[in-house]
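Asker: Below is the sequence, then the predicted model.
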Amino acid sequence: MAGRRKEYRTWEELSGSERRRGLVILGGAGVVVVGAVVWVFGPTGGGSPAGAPRPVLAAGVAGAPQAAGSPPAVGATSPAPDLSGWYAAIAGPRGDVTSAEAAVRKAIADLDGMALQPACVLLDSKAVDAQHAGDVPDGDEGQAWTTGLTDYQQAARWCAQLFDGTQLPPETLRTNTSAALDSADTAWASVGSASATPVNAAGTVAAGSGPTGIAAASPAG
């Protein structure tokens with residue numbers, strides 16, 4: 001006996017209730033498929049699947065080329081500016097200032113007022129002249145140079161008050177003068193010179209070398 005012929009009907013031929021039942025079945029099947037994909041491959045939004053290797057950025061690879069105008073990679077260093085020309089320009093004025101400073105310190109130590117007054121005038125004059133020695137560079141050394149000159153001039157002003165009738169004890173004025181000289185020397189200690197030994201690869205100065213031009217006289221008070 002031949003089986004009953006299977007009937008097929010189009011969507012338009014289905015009743016309203018049959019259509020709704022078909023949509024529910026299709027929707028449920030879709031949810032099952034999506035859930036299976038998420039369970040197998042993980043979420044696809046924004047991040048990489050769990051356990052997948054992280055992408056490597058070209059900028060983080062050593063030797064990778066960079067686009068023109070792009071900022072330098074992290075860890076890149078700029079070459080140190082060449083200050084040899086400035087060192088040469090300040091060498092003479094620097095020596096003049098420190099020589100005048102040494103004379104002031106000696107006169108204070110000797111309590112020699114006759115020698116101290118002209119020594120302080122000379123120190124102030126040489127510090128003013130040194131302000132015009134070359135173009136002061138930006139950065140720590142330029143700032144240290146300017147700070148030192150300011151302190152040398154302050155020392156000269158304290159010293160001048162020993163002779164202009166200022167109502168302060170002479171001992172106080174001599175102490176203030178020496179303290180200002182100490183501050184100036186400290187600032188200039190970080191200013192290099194044309195004859196300084198170059199910094200080695202480890203970033204330190206070879207033993208026995210260092211900035212030159214700082215007066216060797218001991219502070220007096």
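Answerer: Nice, I can see it. These numbers were taken from a predicted model, which means no experiment stands behind them.
Asker: so where is this protein shaky, pLDDT-wise?
Answerer: Residues of the chain that meet the criterion pLDDT under 70 lie in 1-14, 19, 22, 24, 26-81, 193-221.
Asker: Now with 80, please.
Answerer: Counting by pLDDT under 80, the chain has low-confidence residues at 1-83, 134, 192-221.
Asker: residue boundaries of the strands in this structure?
Answerer: For the chain, strands defined by DSSP state E do not occur.
Asker: any idea where the helices of this protein begin and end?
Answerer: 16-41, 84-110, 113-130, 140-160, 170-188 (DSSP state H).
Asker: what's the distance between Ser178 and Gly16?
Answerer: 107 Å (Cβ to Cβ, to the nearest Å). Every C-beta, even on glycine, is put in place using the N, C-alpha and C of the backbone.
Asker: The two: which has the busier surroundings?
Answerer: Ser178 (21 against 7; other Cβ atoms under 10 Å).
Asker: Give me the distance between the two termini of stretch 134-146.
Answerer: 12 Å (Cα to Cα, to the nearest Å).
Asker: Quick check: buried residues in that stretch?
Answerer: 134, 136, 141-142, 144-145 (16 or more other Cβ atoms under 10 Å).
Asker: what sits against Thr166?
Answerer: Each residue near Thr166 by Cβ atoms under 8 Å, 6 or more residues apart in numbering is listed here: Leu173.
Asker: which phi and psi does it have?
Answerer: phi -60, psi 130 (degrees, to the nearest 10).
Asker: Please look at Ala160 and Cys120 and confirm they touch.
Answerer: Yes: here Ala160 reaches Cys120: they are 5.8 Å apart, a contact under Cβ atoms under 8 Å.
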